[in-house]
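>>> Need coordinates for the below:
(one chain, ligands or ions: 2)
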Amino acid sequence: MKEKIVIALGGNALQSGKGEATAEAQLAVVRRTCEHIAQISERGYEIAVVHGNGPQVGRIVMASEAAKDVTPAMPFDVCGAMSQGYIGYHIQQCLKYALNKTNRNIPVVTVATQMIVEEIDPAFKNPTKPIGPFYSEAEAKALEEEKGYIMKEDAGRGYRRVVASPLPRKIVEIDAVKQLWDHAIVITCGGGGIPVIERPDGTLEGTAAVIDKDFAAELLAEQVDADVLMILTEVEKVAINFNKPNQQDLENISLAEAAQYMEEGHFAAGSMLPKVEAAMKFVRAFPQKKAIITSLDKAVEALEGKTGTVLTFN
Ligand SMILES: Nc1ncnc2c1ncn2[C@@H]1O[C@H](COP(=O)(O)OP(=O)(O)O)[C@@H](O)[C@H]1O
Ligand SMILES: NC(=O)OP(=O)(O)O
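Ligands and ions are numbered 1, 2, ... in the order given. Okay, the predicted model is just below:
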């Protein structure tokens, strides 16, 4: 039986390091990303793809607000849905092309995916998720005053707007994803899913937030009984003492070791921490399975056990 893998794509899979925001720039990066995903598919894995959307949804919100004199501004959840649509479209187009090059006619489909979050999630009172472009400190202060945004420094890279990032609780379209699984590569839970709150009468209501895509990918991996949760980012391995002279890259780590390093503060909040937390949650739920954190270009090698940080229960 083919192994199932849920792949979470980090920011560098969608945008160049310079963060150029045009659709053309994104398409060029996605083209390269999809070559790697096609290679994974070629190795015989069944795949679902989850992608981030922080920069994209931030820019859609900005564009929508800037155009409000011409056309009504879109609510935040709708902007999230738009980001799923255009990122999914780019991945569909490029992945299909990459698969066809190896004569593998596998359908690729994006599911606009809603994710139930809890209205009482404390994240709504403590926004942490960076979205949109980077700003200088002075620009950030001006935006706080002008627009009431909450701006925070993002891992030494500049200031960004932050929004609430509640935990994903339930994938609304999970039955559709499961049915599609045997027939297609499914792009789902994009941007962590469109955050919705379930009312007592069963209706769903979109809310202003951006869910962490690594946590969403983990939930998906649990729900589809995936064999591997693979989180792809910029670094080949997770490290302790990251960016310090005594940095040490981690290869195979147990749940207990990961917990200890986390406790010691080795993983930066908002960047590596959610990835390690998602990986830990997956192996806690499925002690026989593994989570891999590595870079896009090392994904195939990591699946062959040659590199990456591999987290297992023991
Ligand atoms: N302990 C660590 N080990 C490795 N990378 C780390 C660590 N702490 C922080 N990082 C940084 O976190 C980044 C990944 O987070 P981020 O860029 O936010 O993710 P994404 O790939 O999902 O966009 C890495 O590229 C690295 O710069
Ligand atoms: N939604 C989400 O996690 O996006 P980023 O990966 O771009 O932060």
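>>> Stretch 277-288 close to ligand 2?
No: judged by C-beta under 6 Å from any ligand atom, stretch 277-288 stays clear of ligand 2, getting no closer than 10.5 Å. C-beta: built from backbone N, CA, C; applies to glycine.
>>> That stretch close to ligand 1?
No: judged by C-beta under 6 Å from any ligand atom, stretch 277-288 and ligand 1 are separated, with a smallest distance of 10.4 Å.
>>> Now do the buried residues in that stretch.
Applying a neighbour-count criterion of 16 or more other C-beta atoms under 10 Å, one finds 277, 278, 279, 280, 281, 282, 283, 286 buried in stretch 277-288.
>>> Show me which of those is closest to residue 81.
residue 278 (22.9 Å; C-beta to C-beta).
>>> That closest one contacts residue 214, doesn't it?
Yes: under the criterion of C-beta atoms under 8 Å, residue 278 is in contact with residue 214, at a separation of 4.2 Å.
>>> and the residue of this protein nearest ligand 1?
Closest approach between the chain and ligand 1, counting by C-beta to the nearest ligand atom: residue 10, at 2.0 Å.
>>> before we move on, the earlier item: please render the buried residues of stretch 277-288 as JSON lines that adds pLDDT to the earlier fields.
Rendered in JSON lines, the data for the buried residues of stretch 277-288 read as follows (pLDDT from 0 to 100):
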{"residue": "277", "pLDDT": "98"}
{"residue": "278", "pLDDT": "98"}
{"residue": "279", "pLDDT": "98"}
{"residue": "280", "pLDDT": "98"}
{"residue": "281", "pLDDT": "98"}
{"residue": "282", "pLDDT": "98"}
{"residue": "283", "pLDDT": "98"}
{"residue": "286", "pLDDT": "98"}
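>>> Now do the same contact list for the residue nearest to residue 125 when sequence neighbours are not counted.
The shortest distance from residue 125 to any residue other than its chain neighbours is 7.9 Å, reached at residue 164 (C-beta to C-beta, 6 or more residues apart in numbering). Taking C-beta atoms under 8 Å, 6 or more residues apart in numbering, we find residue 164 in contact with 121, 123, 124, 125, 126, 127, 128, 129, 208, 209, 210.
>>> circling back: now intersect the buried residues of stretch 277-288 with the helices, please.
Members of the buried residues of stretch 277-288 lying in helices (criterion: DSSP state H): 277, 278, 279, 280, 281, 282, 283.
>>> Contacts only, for residue 107.
183, 184, 185.
>>> The residue of the chain closest to ligand 1 against residue 232, yeah?
Yes: between residue 10 and residue 232 there is a contact under C-beta under 8 Å: 5.8 Å.
>>> in the worst-scoring helix or strand of the chain on mean pLDDT, what counts as buried?
Ranking every helix and strand in the chain by mean pLDDT, DSSP states H and E puts strand 129-135 at the bottom, with a mean of 89. By neighbour count with 16+ other C-beta under 10 Å, strand 129-135 contains the buried residues 129, 130, 131, 132, 133, 135.
>>> what's the closest of the residues you listed to residue 65?
residue 132 (11.0 Å).
>>> Can you give me the distance of the closest one to residue 97?
In this view, residue 132 and residue 97 are 29 Å apart by C-beta to C-beta, to the nearest Å.
>>> same deal with residue 27?
Residue 27 is 11 Å from residue 97, by C-beta to C-beta.
>>> Same question for residue 112.
The value you get for residue 112 to residue 97, if C-beta to C-beta is used, is 22 Å.
>>> No further questions, thank you.
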